[in-house]
Each structure stands twice: as C-alpha cells, then as structure tokens.
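> what's the 3D shape of this:
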Amino acid sequence: MAHLKLETIIHSCNGWDPLKEIIVGDVTGARVPPFNLSMKNFMYANLSDNKIKSLVGSYDKQVIEETNEDLDMLAKTLNDLHIRVYRPEKRVYGWMNYCPRDIFLVLNDTIIETPCVMSERINESFAYKHILNNIDRYGKWIQAPTPQYLEESFNFDDLSKPTLMNEEIMFDAPNVVRMGKTLLYQISNSGNLKGYEWLCQTFPEYDIHIANHYSGAHFDTTVIPLRPGLVLLNGHRCSKDNYPEIFKKWDKIFFTDIIGQYSENSAIASSVIGLNILSINEKTVMVDKNQTPLIKELKKYNIDSIPMSLRHAKTLGGGFHCVTLDLHREGKLEQYDF
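Numbering: from 1, shown residues only. Purely as a prediction, here's the structure:
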C-alpha cells in the first residue's frame, strides 16, 4: 500500500490512460442513512416513504465483511500491477466510504469535491483528507458550493423525469464523463443544469456537452469510453438511434447481455452495474468475473479483462469504477477527434 509521506500526484484526463495512483474504497460502518428527500431522490425514488424508512440502518454483517474482502483483493491486485493504492479511513463521516468516485471529480491536475445530491454525504470527504493533504505542489484541490438541500430541490410527481430540480448547484462526479478537453454531463436525479453551468463557468477551457438519456442516477454504467474512437454503451439505455451525438464518429459497442447479480431487497443499483468497469489502460480493464459475455465482447476489440469480484455491488450501488478514484494516470490533456 502507499506510504503517505510521499506526495500524492493529481493528474488524470480520461478513463483509459495508464493508471498510476488510485483510491480504493472501504465499506466499514456502511448503512442506509436516515430518511430525507435527498436520500429518497438518490437511492429509492420509486419506493414509498414508509418502505424507505423501514430500510434505514446498518447493512447485514455478511455484506460488510464480504465486500471488504473483495475491496482488499481489488487493492492488492492493483498494487501487484505496480499501481499506487490509497484507502480511506475506517471511520465514516457520511453515508459510507464505499464509492470515492461519487464525491470527487478529477480534471487534469485539479480534484473537485462535488456538491453531492444526498445531504448525508456533505462530510464524506473527511475520510480522504489524509490522502489529499499530501497533494504535490502541482495539484489543485477545490470544493464546489455546498447545497442547502431545499425541499423544493426535489419533486417526485413524475418519476419518468429527473426528480432533482434546478434550484441549487448539485451533481455527483459520475454524472461527468471525461475525455480530455471534452466532457459529457448527464442531467438526471444526480446532476442538474445548475451543476453543468457551474462546471462551465469554473472550467471554461473544457468543451462540456449535455446528455439526458435517462432520468436515473450516475452515467458510468451507460457511457464508458474505452479509448479514443471506441465507446461502450449500455444497450438498455442507448441505441443506434439514441446515443450521445458526440460519439457519432466513434466505434460504438451497444451491449445488452448483462448477467444479473444477487442483491438484498434494499439494493440501490440495477443489474446494469455489471457494466461498471475500471480501465487499467487502453488494453486492460477490470470486470466482474460473472460478466463473461462482456469479457468476450471486449476481447473482440483487443481489450483483455481482469476478472474480479464485488459480491454486493448491486446492494451497495457501486461496481469497480464507483469504488475507485483514479488520481494519477499517464498522458496529457488532449483534444480528441469527435
């Protein structure tokens, strides 16, 4: 594991350049947080308030223990690949420390604490301060405006549309897909137009495009760029007639053969969590070991898979991309051809 006296390098411009430094989450102390409108919006928008309240509390001991076993194995495997691995504190300051990808967005040499859509996550970044306090002299660390989580920020009258309103700046980091100087921003239950506008104003050097292909939460099980010119698309949400137009010139893999996964009755994610993969480089990805059709499909494009296990990814709402945060990848900030 990483020795924290060394400087932490912040430099990552996309999701496919060779990986050098990464955070792997921890699920100690995870629980379904107390009920409020922001957690309903993010976790269980389709359930009744009484049903949600009945789910509040700690996750099953087996879920916690097995997930930490899987995360420890993930960290070891990355370390064996000569990738520097960081871990959060065991202490929980927010919802849980399982998904660092949700609360931090890395753009080139800047790490942003995002204005997460769930109020329970306001202080979740505290578990990572010991890592970020060691950022090298070239890295930047900023925080987006903290939401007030106003009652009018959420509306559940029509679940076919985003339940997150446009009252205040709010977005989770996985609503943003990074491709060098081009970003794709998803309007959904986990990111609103004000969040997009804040990014545009704060980072005018980027070309930021809006997507609104489904009203659910994060975008990293829908659009997964694998390398310049090749993107993996969730075929349940995208089709040849309906995909982000920015990828018109790219080769597209519309994938639907996703293997279902066991989950508790409080599952946050759907079965498409199987598409939540982590790229080590352009030729290697980490994939759930049960997703054999996906592994075979990626091989057609000369992409090898490292099969791994996250037994409770669906229950906890995070696959291999969610439970990690790449801090440092090789490469430079480029403008790709679209």
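
> So in the protein, which helix runs the longest?
helix 61-80 (DSSP state H).

> after that helix comes which helix or strand?
Per DSSP states H and E, the first helix or strand lying C-terminal to helix 61-80 is strand 84-86.

> Contacts made by the next helix or strand after that next one with the rest, please.
For strand 84-86, the following helix or strand on the C-terminal side (DSSP H and E) is helix 100-103. By C-beta atoms under 8 Å, 6 or more residues apart in numbering, the residues outside helix 100-103 that reach it are 23, 25, 88, 113-114, 116, 121, 124-125, 128, 172-174, 218, 220, 318, 321-325. C-beta coordinates here come from the backbone N, C-alpha and C atoms, glycine included.

> Give me the mean pLDDT for helix 100-103.
Across helix 100-103, pLDDT averages out at 98.

> swap in stretch 10-30?
Rounded mean pLDDT across stretch 10-30 is 97.

> what do you get for stretch 322-337?
The model assigns stretch 322-337 a mean pLDDT of 97.

> thinking again about what came up before, from the contact counts, what lies against the longest helix of the chain?
strand 19-24, strand 84-86, strand 304-308, helix 313-316 (3 or more C-beta pairs under 8 Å, 6 or more residues apart in numbering; DSSP states H and E).

> winner for burial among those?
helix 313-316 (a mean of 25; mean count of other C-beta atoms under 10 Å).

> CA-only coordinates of the helix or strand that it is followed by in CSV, if you can.
The first helix or strand that comes after helix 313-316 along the chain, using DSSP H and E, is strand 324-329. Output in CSV follows, covering the C-alpha atoms of strand 324-329 (Å, rounded to 0.1, in the frame of the first residue of the first chain):
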residue,chain,number,x,y,z
THR,A,324,-12.3,3.6,-7.0
LEU,A,325,-11.0,7.0,-7.9
ASP,A,326,-8.0,7.4,-10.3
LEU,A,327,-5.8,10.2,-9.0
HIS,A,328,-3.0,9.8,-11.5
ARG,A,329,-2.8,8.5,-15.0
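
> what residues does strand 324-329 touch?
Under C-beta under 8 Å, 6+ apart, the answer for strand 324-329 is 8-15, 17-25, 74, 84, 86, 100-101, 104, 106, 111, 278.

> Quick check: bridge partners of the nearest residue to residue 84 once chain neighbours are set aside?
Among residues not flanking residue 84 along the chain, residue 21 sits closest, at 4.3 Å (C-beta to C-beta, 6 or more residues apart in numbering). Per DSSP bridges, the residues bridged to residue 21 are residue 84, residue 328.

> I'd assumed residue 116 was in contact with residue 144.
No. Residue 144 lies out of contact with residue 116 (C-beta atoms under 8 Å); the separation is 9.2 Å.

> Neighbour count: these two, which is higher?
Set residue 144 next to residue 116 and count neighbours by other C-beta atoms under 10 Å: residue 116 wins out with 26 against 19.

> quick one: the residue in the chain sticking out farthest from the centre from residue 35, how far?
No residue in the chain sits farther from the centre than residue 50, which is 28.4 Å out by C-alpha atoms, centre = their mean. Separation of residue 50 from residue 35 (C-beta to C-beta, to the nearest Å) stands at 9 Å.

> repeat for residue 318
Taking C-beta to C-beta, one finds residue 318 at 21 Å from residue 35.

> neighbour-wise, which of the two wins?
Neighbours per residue (other C-beta under 10 Å) separate residue 318 from residue 35, with residue 318 holding more: 29 against 17.

> Quick check: pLDDT value at the more buried one.
95.

> thought it was touching residue 95?
No. If you go by C-beta under 8 Å, residue 318 and residue 95 don't touch, sitting 11.3 Å apart.

> got any ranges where this structure has weak pLDDT?
1-6, 262-266 (pLDDT under 70).

> Can you show me the helices along the protein?
37-43, 49-55, 61-80, 100-103, 129-132, 193-202, 292-299, 313-316.

> Can you pull out the residues in contact with the first one?
It stands for helix 37-43. 32-33, 47, 49, 52, 117-120, 149, 151, 153-154, 156, 163-164, 189-190, 217, 268, 317.

> Pull out the buried positions in stretch 291-300.
For stretch 291-300, burial by neighbour count (16 or more other C-beta atoms under 10 Å) applies to 291, 294-295, 297-298.

> Dump those residues to CSV, plus distance to residue 205.
Below are the buried residues of stretch 291-300 laid out as CSV (distance: C-beta to C-beta, whole Å):
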residue, distance to residue 205
291, 36
294, 34
295, 37
297, 35
298, 32
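
> what about the residue nearest to residue 332 when sequence neighbours are not counted, neighbour count?
Using C-beta to C-beta, 6+ apart and skipping residues adjacent in sequence, the residue nearest residue 332 is residue 13, 6.8 Å away. Residues lying near residue 13 (other C-beta under 10 Å) number 20.
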